[in-house]
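Engineer: The following comprises the amino acid sequence and a computationally predicted model.
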Amino acid sequence: MKKIIGILGMIGLVFFAQAADEEIVKSTINNVTVYSQGAQVFRKANYSIKSGITKIIIDGVCKSIDAKSLQVKATGNVVILDTKYTMFYPKPEEVKMEGLPLKIRQDIARLEDSLQNMNYDLQILNDEIAVLNATKTILSNNGAIKGQGKVNDSIGLLKEAIEYYTLKMNEINSKLSVLNKKRNDKNKLLGKMNDRLSELMNFQNKNQLNPKNTGPIPQIIITVQAAAATIGKIDLSYLVSGAGWIPLYDLRSEISSGQVNLNYKANVFQTTGTDWNDVRLTISTNNPYQNKTLPTLHPWYVDYYAYRSNLYQAAPVTTNNMNTGIMYNQAEKKGYESEKERIKDEVDAFTSNDFVTVVDHLISAEFVIDLPYTISSNGEQHMVLIKNVDLKANYKYYTVPKMDRSAYLVAQISKLDELQLVPAKANIFFDGSYIGETYLDPSSLSDTMNLSLGKDPNIIVKRTLLKQECKEKMVGNTIEKTYAYLIEVKNLKSTTIELMIQDQMPITQNADITIEMISNDKADYNEITGLLEWDTKLKSKDSKLIKLVYSAKYNKDKQVAL
């Protein structure tokens with residue numbers, strides 16, 4: 001019994017599926033979430049269906065849809081039975097000749113009749129010309145004209161033959177001239193008529209097919225079942241390739257304000273085949289195409305090599321990049337106790353930054369932009385402002401006289417753990433002037449970012465080798481060398497500055513080499529890296545002297561790079 005009921009149910013479903021109505025509805029794009037690669041498109045549509053099973057067809061969607069990402073929601077008293085993405089291939093719809101304008105049809109008919117008559121006329125002319133040309137050939141080949149036969153014996157007969165030949169040839173040539181002119185004129189007219197007919201036929205051919213139905217049409221088909229006539233709304237979304245955004249930062253610094261202004265921008269582009277007209281954008285740092293699977297460790301088996309070809313391996317190199325990041329946070333909006341107080345204050349124009357909301361996720365960040373944007377499907381980049389915030393900064397000068405006898409102004413920005421940045425280029429502006437370009441890499445950020453703003457010519461830096469204090473002596477098999485340097489800095493600015501002076505001591509991992517510090521003028525010394533730092537404040541026109549002395553001991557029979 002259960003099997004019979006099941007079979008009847010299947011037959012019923014097949015019957016409903018075959019008898020399902022089709023309803024084509026229009027949809028519009030209202031929101032797009034743009035990822036670093038790809039985009040999530042959100043569409044909405046209204047429907048009105050009868051009772052029973054209906055296939056709601058939504059066309060005009062993108063061709064590059066990831067079918068696995070399709071999501072559909074609906075309101076109304078319906079049950080969603082199935083959703084799918086498919087390509088519909090329509091048959092070209094022919095347009096009958098009667099569908100063309102009357103004048104075009106009349107012109108084509110007249111031209112075709114005229115061309116037929118013209119071909120008859122040309123054929124008659126060609127026949128007459130052929131006859132005359134044959135007559136000329138006969139006359140020219142006649143024996144009397146060539147001086148052959150008995151005509152040579154009679155001067156009278158020869159004279160008559162020449163007069164006859166001259167008369168007939170002039171008559172034939174005159175007729176041929178008239179006929180050839182007529183034929184040329186008719187051929188020219190025939191060419192014009194053929195050109196005009198080609199234009200009319202091209203117009204006809206272009207209107208033979210409906211261009212909207214020549215190619216495949218991407219469709220989303222939603223099969224629903226309703227117990228009664230129902231109206232409702234459909235919300236659907238899908239992932240498409242051929243879209244993305246490129247981050248870019250503008251960093252504007254003013255030492256008088258003690259702040260760094262961050263402009264966080266996104267260059268949005270798309271080539272999905274469908275324009276995004278007046279849509280709300282959400283910029284996401286997520287990439288849905290990245291691998292999301294946790295890697296698995298397998299047993300690591302170790303054994304001896306059969307032989308060793310390399311005796312030495314290079315030690316890993318680490319770098320420390322000061323210009324590595326910048327932070328943003330949501331700017332606080334001004335509050336006013338009264339409308340009068342608001343009018344008294346000088347208020348700047350709104351920017352798109354005022355319409356951005358930051359949504360933090362566990363693995364990404366989204367920036368919801370409450371402004372309409374139009375992004376055409378042509379690959380062109382459109383700048384979208386994500387954030388504009390002012391960050392507190394501590395300005396400090398740095399100098400590394402061993403490498404560069406200049407002092408660099410650096411803006412130090414802290415609390416970088418609050419950032420939601422992605423790696424990108426950054427344009428640097430200082431006091432209204434463009435300084436250059438840097439690269440912000442959040443993966444290498446510490447809790448403080450040092451943003452270099454360029455050299456200051458009003459700070460003089462010198463590093464001199466004190467030759468009179470440099471010594472070398474030999475004790476047994478050991479050479480001992482002493483090195484002495486004098487570092488001098490002078491502040492020619494009109495204000496007090498904070499200056500960090502950096503130098504270094506040589507370090508070694510060879511037990512046969514000994515490096516010893518003799519004097520460093522109270523430097524902050526890192527024995528692991530050999531870094532020496534002197535943090536000092538210099539008043540206007542003040543100077544500072546620093547003396548660095550160290551020694552190195554090593555085997556006299558070996559070379560050491562110092």
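Structural biologist: On my side now, so go ahead. Numbering: from 1, shown residues only.
Engineer: how about the helices in the protein?
Structural biologist: Taking DSSP state H as the criterion, the chain carries its helices at 2-18, 102-141, 143-146, 155-206, 339-344.
Engineer: Can you give me the neighbour number for L248?
Structural biologist: Here the number of neighbours of L248 (other Cβ atoms under 10 Å) works out to 17. All C-beta spots, glycine's among them, are computed from the backbone N, C-alpha and C.
Engineer: Is it bridged to anything, and to what?
Structural biologist: Assessed by DSSP bridges, L248 has beta-bridge partners K265, K425.
Engineer: Please verify my assumption that it contacts K265.
Structural biologist: Yes - in this structure, L248 is within contact of K265 by Cβ atoms under 8 Å, at 4.7 Å.
Engineer: surely T135 meets M169?
Structural biologist: No - if you go by Cβ under 8 Å, T135 and M169 don't touch, sitting 9.1 Å apart.
Engineer: Counting neighbours, which bits of stretch 402-411 end up buried?
Structural biologist: 406-411 (16 or more other Cβ atoms under 10 Å).
Engineer: same check, this time on stretch 47-56
Structural biologist: For stretch 47-56, the neighbour count (16+ other Cβ under 10 Å) marks 47, 49, 53-56 as buried.
Engineer: Closest one of the residues you listed to L465?
Structural biologist: When the buried residues of stretch 47-56 are ranked by distance to L465 (Cβ to Cβ), I56 comes first, at 84.3 Å.
Engineer: wait, isn't the closest one in contact with Q219?
Structural biologist: No - the pair I56 / Q219 is not scored as a contact, 10.3 Å apart, by Cβ under 8 Å.
Engineer: Strands of the stretch 201-350 of the chain, start to end?
Structural biologist: For the stretch 201-350 of the chain, applying DSSP state E, counting those that start in this stretch gives strands covering 217-226, 230-240, 243-254, 259-270, 276-284.
Engineer: that older thread, now tabulate the buried residues of stretch 47-56 in TSV and tack on distance to D535 and pLDDT.
Structural biologist: Below are the buried residues of stretch 47-56 laid out as TSV (distance: Cβ to Cβ, whole Å; pLDDT from 0 to 100):
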residue	distance to D535	pLDDT
Y47	71	93
I49	76	92
I53	79	94
T54	76	93
K55	75	94
I56	71	93
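Engineer: Now for the residues you listed: which two are most distant?
Structural biologist: Y47 and I53 (13.6 Å).
Engineer: From T478, how far out is N555?
Structural biologist: Distance of N555 to T478, given as Cβ to Cβ, to the nearest Å: 7 Å.
Engineer: what's the answer for K265, then?
Structural biologist: Distance, K265 to T478, by Cβ to Cβ: 61 Å.
Engineer: of these two, who's got more company?
Structural biologist: Per other Cβ under 10 Å, whichever of K265 and T478 has more neighbours is K265, with 21 against 13.
Engineer: quick one: the more buried one and H382 touch, right?
Structural biologist: No - K265 lies out of contact with H382 (Cβ under 8 Å); the separation is 10.5 Å.
Engineer: neighbours around D250, how many?
Structural biologist: 17.
Engineer: confidence score at it?
Structural biologist: On the pLDDT scale, D250 is placed at 90.
Engineer: Identify the residues contacting it.
Structural biologist: 261-263, 265, 426-427, 429 (Cβ atoms under 8 Å, 6 or more residues apart in numbering).
Engineer: What distance do you get for it to E128?
Structural biologist: Separation of D250 from E128 (Cβ to Cβ) stands at 86 Å.
Engineer: Give me the distance between the two termini of stretch 526-535.
Structural biologist: With Cα to Cα, to the nearest Å as the measure, stretch 526-535 spans 14 Å from end to end.
Engineer: Identify each buried residue in it, please.
Structural biologist: Neighbour-count burial for stretch 526-535 flags 530-532, 534 (criterion: 16+ other Cβ under 10 Å).
Engineer: So which of those residues sit within strands?
Structural biologist: Secondary structure from DSSP state E places 531-532, 534 of the buried residues of stretch 526-535 in strands.
Engineer: Tell me where the stretch 451-562 of the chain has strands.
Structural biologist: Ranges of strands in the stretch 451-562 of the chain, per DSSP E, counting those that start in this stretch, are 459-465, 471-475, 478-491, 497-504, 514-519, 524-525, 531-538, 543-555.
Engineer: Averaging pLDDT over each of these, report the lowest-scoring one.
Structural biologist: Per-segment mean pLDDT for the strands of the stretch 451-562 of the chain reaches its minimum on strand 471-475, at a mean of 90.
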